[in-house]
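Turn this into a model:
(3 chains)
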Amino acid sequence: MTAEYHVPDTALEVREIHKSFGGVQALKGVSFSILKGEVVGLLGDNGAGKSTLVRCISGVHPQDSGEIIINGQEVDIKSPQDARDQGIETVFQDLAVIPNFDVSKNLFLNREILSSNPVLKFFGWLDHKEMNRQSEIALKRLNSRIPSFSEEIKNLSGGQRQAVSIARAVNWGADIVIMDEPTAALGVEQAAQVNNLIKLISSQGIAVLLISHNIQHVMEVCHRAVVLRHGRAAANVRIDDITPDDLVGLITGAKRAA
Amino acid sequence: MTLLSETRSTVFHRILNREYFVYYALILVIVFFAIVLADTAFLSTPNFMNIIRQTTPITVMAVGMTFALAVGHIDLSVGSVVALSALVCSLLVDVVPWPFAVFAGLCAGMLVGLINGVLTEWLKVSSLLITLGSMGVISGVARVITNLESIPVTNDTFTFVFGSGSLGPISVMFIWTLLALVLGWVFLSKTRFGSHLLAVGGNPTASRALGINVVKVKITAMVIAGGAAAMAGMLYAGRLHGARYSLGEADLLTVIAAVAIGGTSLFGGRASVAGAVVGSWLMGVINNGLILWGFSTNEQIIARGLILIVAVAIGVKEDRK
Amino acid sequence: MLGVNKFKKLTMTTAIAAGFAMAASTAQAGPLETIDLSKSPEGPNGNAAQSVDEISISSGEAAAVKGKKYKAALVWHASGDWVNAVTKGAKTKFEELGIEVVATTDAQFDSARQASDVENVMALNPDIILTLVVDPVSGGAAFKPAVDKGTELVLLSNPIAGYKPNSEYTGIVTDDMYGMGVAAAEMMSDGIGGEGNIGFIYHDASYFITNNRDNAFRTAIQEKHNDIKIVSEKGFTEEGQTFELASAMILQNPDLKGIYVAWDVAAEGVIEALRAQGRRDVKVITHDLGQNNALDMIKQGNMYGTVADRPFEIGQAMAMLGVYGLLDKESPAFSVVGYDKVTKENLAITWEKSLRRPIPEKLSEALK
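Here you go, the predicted structure:
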C-alpha cells in the first residue's frame, strides 16, 4: 500500500482555487495535489464545494482565480475539451452513456476512428471495424466481463456500464481520471466491481480523484483523502493514518485536522 | 468476432424487434391487397411505380423528419415548408436558370429549419411548440406571396428532373427515393455526425460532457429536416407542373406515421432511415390499395390513424424496456 | 379599399410570375371583379353557356353503351352533402346505362392528392372520369395519365389550363353562377323591402364558382337595385372567420338591413353573430342548402332566403357527357344547370329537387 510514495511525480496540483457564483463563495482557496497512480478521495458534506471543484478541474466552470498544474506545467482549462486535451477525463455518477449505442460506439463517442480512405474520411466515414477491435483491447485491459461489443448499453448492468465509462476514460490515455460518485447508482456487487476497476487503473499509473459519500469505499480504494469544508481544504490525510470515524468527524467538522 | 456471446435467443429477439416490424407489415399488406384486389392492376409494375411516384415527397420528408426525431426534436412545420419552397422555386424557375430556383427553394427550407433550431435552443422551448408556431407563420406567408393562386411551371427540364420524367419504365421519383435512402442512411449510420446526432438524442447530458456541441448538432438536425421538406416541395412542383399554397398541408400526419412505424423513436436516440422509407411506402401502398378497393377518403384517414397508434404502441413498449 | 388595392397589386405580380398559363381562360375570375351580366357566363375557351337540358341520350345510343361493361371513376375535390348529391346523380345515370362506378376519391382540396388519386384510379382502367379539378393550373399534369390513355374526362365547373373541349375533355358542366348571383340580389331586395344599406361577405380566394356568384351578386346590386347600397365589403378565406367579420360589420354599420354571404356554412357564423347581438331585423341571403340555416329560415330568424343549385342534375349531365365521349358524339363545351330561389314557402319542394333526398325530419317537423 505504500508503493505509490516512491513515485515522485505529481500528476495534478491545484493551488488556491477560488470560485464564486453571484455573491456565494463556493471555493475559498483550495490547494492539494495527486501523484501518479494515486487514488485521492475528495470528501465533504453537501455544499462543501466538491462538485464545484470537480467542475473547475474538468472545465465545466472555469475557476475565478488559482492555478491548475498538470505534470509540472500550469494549464488553462476553459472547457471540457481543454481538460480532455490535458489528459483529464471525468466519469459521472449518472452513468453517462448513450443507452442505444453499443459498447464500442460509447467508447469512441466524439473520438471516432475515421476511415483511412481520404475521401471517406473527409465525409466523416466511421471505421467501425477498427473501433470494435480497439474496444476489445481496451476492455481486456480492464478485465471486464462485457458480454458483447455489439450489445446496446441499455441491456448491460449498471456496473458494466460504469466499466464502459471508465474504460472510455482510460482508453483515451487519460493521466488523471475524476470520478464523481461512480458507485452511487449501483448495487453492492456492482460497486465492488467498480472499486476493483479503480484499483486496477491506479496500478497502471493513472491518478484518480474519487468523489464519494461512501466512507467504506474511500477506506478501501483511496490512498489519501482531501476533506472540503465551507470551500476550503479542511484536511489532507493518508488513509493509513486515519480511522473511518475520524474521517466522518472531519467531514462533519466534529474533528479538526492535526 | 464482434458477436462474442450472441445466442440463438437474442437472434430470435432481434427478428421480433420493433425495427423489423415495418418490413413485415409492408409484405403483409402487399400480400393482402394482392389477394383482395387480384382482379385489378394492383400487382403490376406501373401501379408500384405510381405508388413510388406519389410517395416520394413523403419519403423525402420522412427521411428529414428522422433526423429531427433522432436528436429528440420534432418538426411540425415540414408541410408548410413544402408549400413555401415549392412556391419560391416555381416563382423563380421560369425567370432565372432552374438550378438557381432549386437552390433558392432549398435555401428557403433550410432557413426555416435554422430558425426553428435556433429559436428552440435560444428560448429553451420544446421544438413542438416552436414548429407549431412557424407552421402557422410559413403557411400564412405562402398564402400571402401568391394570394392563394397557383403558380405554374413551364420549364421542361425542371419538371422532368423533379418528378415528371422517367427513364424507361423507371420514374425519376424512384431515383430520388433511392438517393434519399442512401444519403440518409450513410449520413446517419456511417458518419461521425450521424453518430453524434443519435448520441445527443439518446443522452444529451452525457454527449455534452463528452465534448459534443449539442446545440450545433440539434440545430443542424432541424436544418436537415427543413432542407428535406424543401426538397419534397421541389418534387411536388415538378410532378404537378406548378405549386400552390395548399401543397403539403395534409402530409404531416402521414410523415410522422411513416417515421414512427419505421422504428424511429419519437423521443430521440433511436432512428432508422431505411425504416422511414419503408414506412412511407407502407402508407402509400395502403392508400393505393384502399382506393382500388373502393374505400372513401374518410376511411383512409381512419386507417392511417390506426396505423400510427399501432406504431407508437409498439415503439413505446420497446422504449420502456 | 386599401385591402382591395393591395389585392390587385398582388394579383398583378403573381400574374406576371405565372406567365401565360391562365391568360387563355377568360372565365377565371378573382374576388371583387365587375362582370358583364348582359352575357351569360362563358366557358374557359370562350364557349357560350348552354342549358343542361340539351344533353340527352337516345334509346339507341343507350343500347349501344349497355353491355359493353364500361367503367367510370369519380375523382372529386372534396366530400360533403353537395358532392354526395352529384355522386348520386352520376351513379343513377350510370346505372341506367349499365356503367359501373369503380372508384370514388376525395382530394380534400389537395392538388397533389388529386394527382395521386388519378394515378390510383387509372389502375382500374376506367373509361370515364368525372372530376372537379382542385387546381386548374397543375391539373394538366395531374390528369395527363388519364388523357394519355384516352379516358373520357368530364369536368365540373373548373377548367384545366391547356385542355380543350371535345379533345382532352368532353365538356364542362356547372352551376348557372351568374344567374344564382342575380337571383340572390333579387332575394335581397325582396327581403329588405327594396331599399337600404347591406353588407357583402365574399369568398376571398381565387375560386371559380364562388367568385362568379359573389361578383354577379355585387354587380347586380350595383346595376339593377339602385336603392340598395353595399356599405361594407369583407372577404374570408376560412368559413370559421365569418362570425368575427359579421360581428364587426354590424357594430360599424348599425343601419345594415341585410347581409349577403358566399355560401351556407359560412352563413352560419353570420347568423350566430346576429343572434349574439340581438339583431333579428338583419336579413341574410346566401347560396346552397343546409339544415341549420334552413331551420332558422323556418323559424323566421335572420335567414331570409338562399339560392339552391341542382347538384343531382349536374351529376346526371356529367354522366351523360361521359357517354357522349364514348360514342364520339360532339359535346356541348359548357353547360349550366338551373337553380331555385328558396324561401320558407318552397323549402320542402326545393330541398328534394336540389339534393334528391327527402327533407330531414327536424325540418319537416318545424314546418308543420
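
Quote the end-to-end distance of stretch A:122-136.
Using Cα to Cα, to the nearest Å, the span of stretch A:122-136 from its first residue to its last is 26 Å.

could you give me the average pLDDT of it?
Stretch A:122-136 shows a mean pLDDT of 88.

Grab the nearest non-local neighbour of the residue of chain C found nearest chain A.
Using Cβ to the nearest Cβ, residue C:112 is the residue of chain C that sits closest to chain A, at 33.2 Å. Where C-beta positions appear, they are placed from N, C-alpha and C, glycine not excepted. Closest residue to residue C:112 apart from its sequence neighbours, by Cβ to Cβ, 6 or more residues apart in numbering or on different chains: residue B:236 at 5.3 Å.

can you tell me which residues contact that neighbour?
Shown in contact with residue B:236 (Cβ atoms under 8 Å, 6 or more residues apart in numbering or on different chains): B:57, B:82, B:86, B:163, B:243, B:247-248, C:112.

Going by proximity to chain B, name the top residue of the stretch 151-258 of chain A.
In the stretch 151-258 of chain A, the residue that lies nearest chain B is residue A:154 (7.7 Å; Cβ to the nearest Cβ).

for that residue, phi and psi?
The phi and psi values for residue A:154, taken as degrees, to the nearest 10, are phi -70, psi -20.

From chain C, how far off is it?
Applying Cβ to the nearest Cβ, to the nearest Å, the value for residue A:154 to chain C is 40 Å.

Was I right to think that residue contacts residue A:100?
Yes. Shown here, residue A:154 and residue A:100 form a contact pair, counting by Cβ atoms under 8 Å, at 6.7 Å.

The two: who's more crowded?
residue A:100 (21 against 15; other Cβ atoms under 10 Å in any protein chain shown).

count of neighbours near the residue of chain A found nearest chain C?
Using Cβ to the nearest Cβ, the closest approach of chain A to chain C is made by residue A:123 at 33.2 Å. By other Cβ under 10 Å, the residues close to residue A:123 number 15.

how much space between residue A:240 and residue A:226?
15 Å (Cβ to Cβ, to the nearest Å).

Neighbour count: those two, which is higher?
When neighbours are counted by other Cβ under 10 Å, residue A:240 and residue A:226 differ, and residue A:226 comes out ahead with 24 against 10.

ok, the helix or strand residue B:61 falls within near chain A or not?
Of the helices and strands defined by DSSP states H and E, residue B:61 is found in helix B:45-70. No. Helix B:45-70 is not in contact with chain A by Cβ under 8 Å from any Cβ of the partner chain; minimum separation 10.2 Å.

buried sites along that helix?
If you call a residue buried by 16 or more other Cβ atoms under 10 Å in any protein chain shown, then helix B:45-70 has these buried ones: B:47-70.

SS state for the residue nearest the centre of chain C?
Chain C has residue C:209 as the residue nearest its centroid, 4.5 Å off, counting by Cα atoms, centre = their mean. Here residue C:209 is helix, with the state taken from DSSP: H, G, I helix; E, B strand; the rest coil.

Enumerate every residue touching residue C:34.
C:215, C:218-219, C:222.

try it again with 6 Å
residue C:219 (Cβ atoms under 6 Å, 6 or more residues apart in numbering or on different chains).

Need phi/psi at it.
Torsion angles, degrees, to the nearest 10, at residue C:34: phi -80, psi 140.

Check the gap between it and residue C:219 for me.
In terms of Cβ to Cβ, residue C:34 sits 5 Å off from residue C:219.

how much space between residue C:217 and residue C:263?
12 Å.

Could you double-check that residue C:31 sits in contact with residue C:204?
Yes. Using Cβ atoms under 6 Å, residue C:31 is in contact with residue C:204, at 5.1 Å.

any common contacting residues for those two?
Contacts common to residue C:31 and residue C:204, judged by Cβ under 6 Å, 6+ apart, are residue C:235.

Next, count neighbours for the nearest residue to residue B:208 once chain neighbours are set aside.
Excluding the flanking residues, the one nearest residue B:208 by Cβ to Cβ, 6+ apart is residue B:214, at 4.9 Å. Residues lying near residue B:214 (other Cβ under 10 Å) number 18.

got it, and residue A:211?
21.

Got phi/psi on it?
phi -90, psi 130.

close enough to count as contact, it and residue A:178?
No. Using Cβ under 6 Å, residue A:211 makes no contact with residue A:178, being 7.5 Å away.
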